[in-house]
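A.B. asks: Need a 3D model of the following:
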Amino acid sequence: MKTTFTFTAYGAHTTAALADAITIAKDGDPLAPVTVVVPSNLVGVSARRTLAAGSPAGLAAVRFETVLGLARFLAGPSLPGERRRVTDPVVGAAVRSVLAASADLLRPVARHPATERALVRVHRELRELDDRALTALADTCPRATEVVRLHREVHDRLADRYVDEVDLHRAAAATVAAGHPLLDGLGAVVLHLPDRLPASGLALVEALAANGPVAVVVAHTGDAEADAPLRRLVGRLGGTLPTEPPAVAASHLLVRSVADP
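C.D. replies: So this is what the prediction gives:
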């Protein structure tokens, strides 16, 4: 398996690097499928419009998906039963119900809208943790104990009828690991401008990289603090983010490859 990294500056250089990555992925076949994984739908629309007029490989059979959108496409074979996508209002209703029934330390503020909003947000964040991590967090202080308990109760109320982003990411990673025929429709995968990813989303990207070649187009600033999250992400995928600032005026992009032994 091979992951190829193209490191460049932000701006027009990223679009040029993406065009090169698509051309390489198509390998001379204009109808070869390519899936470009983008950080947001807005980035995908912008990249498609910019490339439409000038990409030498064309955009036939090229799909643009966010990590979550790709998870929705891949998750089906690994999701048991028929469950609906959960929404914040549904989570909010479950939070209100749990607070009314079992709040302890939070009982004085259980009916405050800010408490509900905070627990909805925290519930989303804690879903990324496994049981061991949740237990370790719960052991830190009484308030953390209650928050983790409430989070678990909310999840128990929703799990039978709803799926969330974490469920979709994990199910999609399982589909990739199983080598499901659904993967054939993806073709080559290009990870374009990866940003902060939740743990479950990163696990899906890692599964894709383990399954077959992935080209990663990375824009960075050269500032150690600003690039720290990106450096960790690139490291998880087997690469090393350059410490020097990218050459904005360079016509040749720096390409580094990492191959599994």
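A.B. asks: A60 falls within a helix, correct?
C.D. replies: No - counting by DSSP: H, G, I helix; E, B strand; the rest coil, A60 is not part of a helix but coil.
A.B. asks: isn't it right up against P33?
C.D. replies: No - proximity of A60 to P33 does not meet the contact threshold set by Cβ atoms under 8 Å, at 9.4 Å. Every residue, glycine included, has its C-beta placed from N, CA and C.
A.B. asks: Give me the more crowded residue out of the two.
C.D. replies: Neighbours per residue (other Cβ atoms under 10 Å) separate A60 from P33, with P33 holding more: 17 against 12.
A.B. asks: ranges for the strands of the stretch 151-261 of the chain?
C.D. replies: Using DSSP state E, counting those that start in this stretch, the strands assigned to the stretch 151-261 of the chain run over residues 162-163, 188-192, 214-219, 254-259.
A.B. asks: Can you check which helix is longest in the chain?
C.D. replies: Looking across the chain with DSSP state H, the single longest helix is helix 142-158.
A.B. asks: Which of the residues in that one are classified as buried?
C.D. replies: 145-155, 157-158 (16 or more other Cβ atoms under 10 Å).
A.B. asks: Relative to the whole chain's centre, how far out is stretch 6-20?
C.D. replies: Here stretch 6-20 shows a centroid-to-chain-centroid distance of 20 Å under the convention Cα atoms, centre = their mean, to the nearest Å.
A.B. asks: typo on my end, it should be stretch 38-55
C.D. replies: Stretch 38-55 sits 18 Å away from the centroid of its parent chain (Cα atoms, centre = their mean).
A.B. asks: what does that stretch contact?
C.D. replies: Residues outside stretch 38-55 that contact it (Cβ atoms under 8 Å, 6 or more residues apart in numbering): 15, 18-19, 22-23, 36, 59, 62, 64-66, 69, 192-195.
A.B. asks: export that stretch as PDB, just CAs?
C.D. replies: Taking C-alpha atoms only, stretch 38-55 is exported to PDB below (Å, rounded to 0.1, in the frame of the first residue of the first chain):
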ATOM      1  CA  VAL A  38     -12.600  17.400   0.800                       C
ATOM      2  CA  PRO A  39     -12.900  19.100   4.200                       C
ATOM      3  CA  SER A  40     -16.300  20.700   3.400                       C
ATOM      4  CA  ASN A  41     -18.900  20.700   0.600                       C
ATOM      5  CA  LEU A  42     -17.900  24.400  -0.100                       C
ATOM      6  CA  VAL A  43     -14.300  23.300  -0.800                       C
ATOM      7  CA  GLY A  44     -15.600  20.600  -3.100                       C
ATOM      8  CA  VAL A  45     -17.800  22.900  -5.100                       C
ATOM      9  CA  SER A  46     -15.000  25.500  -5.400                       C
ATOM     10  CA  ALA A  47     -12.400  22.900  -6.500                       C
ATOM     11  CA  ARG A  48     -14.800  21.300  -9.000                       C
ATOM     12  CA  ARG A  49     -15.600  24.700 -10.600                       C
ATOM     13  CA  THR A  50     -12.000  25.700 -10.700                       C
ATOM     14  CA  LEU A  51     -10.800  22.500 -12.200                       C
ATOM     15  CA  ALA A  52     -13.700  22.100 -14.700                       C
ATOM     16  CA  ALA A  53     -12.200  24.500 -17.200                       C
ATOM     17  CA  GLY A  54      -8.500  23.500 -17.000                       C
ATOM     18  CA  SER A  55      -8.000  20.000 -15.600                       C
END
